[in-house]
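**Q** just coords:
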Ligand SMILES: Cc1cc2nc3c(=O)[nH]c(=O)nc-3n(C[C@H](O)[C@H](O)[C@H](O)COP(=O)(O)OP(=O)(O)OC[C@H]3O[C@@H](n4cnc5c(N)ncnc54)[C@H](O)[C@@H]3O)c2cc1C
C-alpha cells in the first residue's frame, strides 16, 4: 500500500457547484484540490456566463452561512412574488413573500456575478489548491483512494485523494468513466436567454408563463431589466436567434403578452439545448457526483443550481462530520449517508420538473381545463400554496446545517 493520498478531497469542476463546495469545506483542515478545464477568472468560462439564476431563499441562506451572500446580494434582485399562468387561459396562481413571512422568495443574479464572488472567496483562502487549466482524462478507484490523471499543457500527471467529487457538469467525464446508469430524456427544446427592459416596472414579480411550445420565465433583475428564459422548439431556435432586436422584441411580446407593457430594449441572445439527465445512484467507490453531473434539469422551475447547492451543503456536513470523528471521508459512512439523504429529493425534483414540462405542453382540452382549474384551486387554497412556496424556496424536507444558517460541525 502507498502512503496516504496527497489530497483529502479532489473536486473535478470549478463551476458554481464545485466552487461552492470548495468554499464550504475551506479552512477546516482538509487538503482540497479543485480541478477545472478553465483557468480561474477566464471570461470565456461557460459555467459563469450571463444566464440569470433564480436563487431560492434556502440557497441564499447557504451562501450567507458560507459568508459570501453579502457580496452577492449587491448585484441580486429580490423576487417578492411568483405569478404562474398559461397563455390564453383563465387559471393562474401566485406565491407571495409576505404570505410566507420572508422578505423575498428568492433572488436573481447572473451566473457571472455569482462566479465572480465565489472565485474571490476562493482566492482569499489558501486552503484550496487550484489545478487549472487542467483536463481530467482518466481515473481509477483503489481500495483506499481515488486516482485521476490530469492533462496540463500537454503533460499528464496523476493525483489521488480519499474522496473524489464530480462537479464536472452535465457531460461529466467522471460519470461516463464510471459507466453510471442514467435516466435521460431530450425535450426537443432549447432555452433562449436574454434580458429585456419593460415599459412598466417589474415590481419584483417573477412570471412563469406556460405556452404550447414550452414555458417562458421572466425574472426581475437589477436596473429595471428582466431576465428572459424563453423555451423554443429546437427546429425554431436558429430562426429566433437570427432575429434582429426589433423582430425579437415583437416575437417575444407576442408570446409573453403585455403584463409589463411594451418591451423596449433587449440584450444579447444565447441558446441552451434542454434535457433531463439523472444518475440512478450518485455515489460509487470513493466518488460522489453533485450538481449537473448528477442531475441536469429543464430550467422551467429554476431548480438546477438550487438542488446542486443543497447537494453541496449536505456533502460538506457529512464530510466534516466524518472528519471530526476521525473516519475515512471517502468511506461508506459518507457515501451511503449522502445517497440516503439526497437521492429522494433529487429524484422528486427531477420528476416534478419533467412532469411540469409535459403537463403544460399537452394540448388535450380536458387536461388544459384540469390544469387551469388546478391553478385556480391552488390560488384559493392557502395551505397548498404554502407547501409549494416552501418547496420553491428550498426550505422543505431535511435541511443541511448550512441551509439553517449554521456551519457544519
Ligand atoms: C438557461 C438556463 C437557466 C437556468 N436557470 C436556473 C435558475 O434560475 N435557477 C437554478 O437553480 N438553476 C438554473 N439553471 C441551472 C444551472 O445553471 C446549473 O444547474 C448550474 O450552473 C450547474 O453548475 P455545475 O457546477 O454543476 O456544472 P457546470 O456549470 O457545467 O460546471 C462544470 C465545470 O466542470 C468543468 N469540467 C468539465 N469537465 C471537466 C474535465 N474533464 N476536467 C476538468 N474540468 C472539467 C467545466 O469547465 C466547468 O467549469 C439554468 C440553466 C440554464 C441552461
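**A** Ah, there it is. Fair warning: this is a prediction, and the values are worked out from it, not measured in the lab. Residues are numbered from 1 along each chain as shown.

**Q** Pull up the gap between residue 333 and the ligand, please.
**A** Counting by C-beta to the nearest ligand atom, to the nearest Å, the gap from residue 333 to the ligand is 24 Å. Placement of C-beta: from N, CA and C, glycine included.

**Q** and residue 49, how many neighbours?
**A** 15 (other C-beta atoms under 10 Å).

**Q** Find the nearest non-adjacent residue to it, please.
**A** residue 111 (5.7 Å; C-beta to C-beta, 6 or more residues apart in numbering).

**Q** and what of residue 25?
**A** Using C-beta to C-beta, 6+ apart, the closest residue to residue 25 is residue 316 (5.5 Å).

**Q** and the helix or strand harbouring the one you found, what other elements does it pack with?
**A** Secondary-structure assignment from DSSP states H and E places residue 316 in helix 304-324. Helix 304-324 sits against helix 16-25, strand 52-56, helix 57-65, strand 295-296, helix 332-361, with contacts defined as 3 or more C-beta pairs under 8 Å, 6 or more residues apart in numbering; DSSP states H and E.

**Q** Residue 264 is nearest to which of these?
**A** Evaluated with C-beta to C-beta, the helices and strands packed on helix 304-324 place strand 52-56 nearest to residue 264, the distance being 18.3 Å.

**Q** who's in contact with the closest one?
**A** 16, 63, 76, 79, 105-111, 114, 193, 195, 206, 217, 219, 221, 227, 229, 302-303, 305-306, 392-395 (C-beta atoms under 8 Å, 6 or more residues apart in numbering).

**Q** what angle separates it from helix 16-25?
**A** 40 degrees (axes from the mean of the first three to the mean of the last three C-alpha atoms, to 10 degrees).

**Q** Around the ligand, pick out the residues from the stretch 1-150 of the chain.
**A** For the stretch 1-150 of the chain, the contact set with the ligand under C-beta under 6 Å from any ligand atom comprises 12-18, 35-38, 47, 51, 53-54, 111, 135-136.

**Q** again but with the stretch 151-300 of the chain, I slipped
**A** Counting by C-beta under 6 Å from any ligand atom, the residues of the stretch 151-300 of the chain near the ligand are 167, 168, 169, 170, 173, 191, 193, 229, 272, 291, 292, 299.

**Q** Could you point out the longest strand of the chain?
**A** strand 182-198 (DSSP state E).

**Q** Tell me what angle it forms with helix 332-361.
**A** 60 degrees.

**Q** tell me the contacts of the closest residue to the ligand within the stretch 1-150 of the chain?
**A** Using C-beta to the nearest ligand atom, residue 15 is the residue of the stretch 1-150 of the chain that sits closest to the ligand, at 2.3 Å. By C-beta under 8 Å, 6+ apart, residue 15 lies in contact with 36, 47, 48, 167, 169, 291, 292.

**Q** Now the first one. Its backbone dihedrals?
**A** I take that to be residue 36. The phi/psi pair for residue 36 (degrees, to the nearest 10) reads phi -140, psi 150.

**Q** and it, what does it touch?
**A** For residue 36, counting by C-beta under 8 Å, 6+ apart, the contacting residues are 13, 14, 15, 18, 45, 130, 131, 132, 133, 134.

**Q** ok, now the last one?
**A** For residue 292, the residues meeting the contact criterion (C-beta under 8 Å, 6+ apart) are 15, 17, 169, 170, 172, 304, 308.

**Q** Report the separation between the residue nearest the centre of the chain and residue 55.
**A** For the chain, the residue nearest the mean C-alpha position is residue 305 (1.1 Å; C-alpha atoms, centre = their mean). Residue 305 is 8 Å from residue 55, where distance means C-beta to C-beta, to the nearest Å.

**Q** got it, and residue 184?
**A** 27 Å.

**Q** Among these two, which residue is more densely surrounded?
**A** residue 55 (27 against 11).

**Q** so what's the more buried one bridging to?
**A** Counting by DSSP bridges, residue 55 forms beta bridges with residue 107.

**Q** related to what we said a few turns ago, among the residues of the stretch 1-150 of the chain next to the ligand, name the buried ones.
**A** 12-18, 35-38, 47, 51, 53-54, 111, 136 (16 or more other C-beta atoms under 10 Å).

**Q** The helix or strand hosting residue 174: which residues count as buried?
**A** Residue 174 is part of helix 173-178 when elements are defined by DSSP H and E. Residues of helix 173-178 classed as buried: 173, 174, 175, 177, 178 (neighbour count, 16+ other C-beta under 10 Å).
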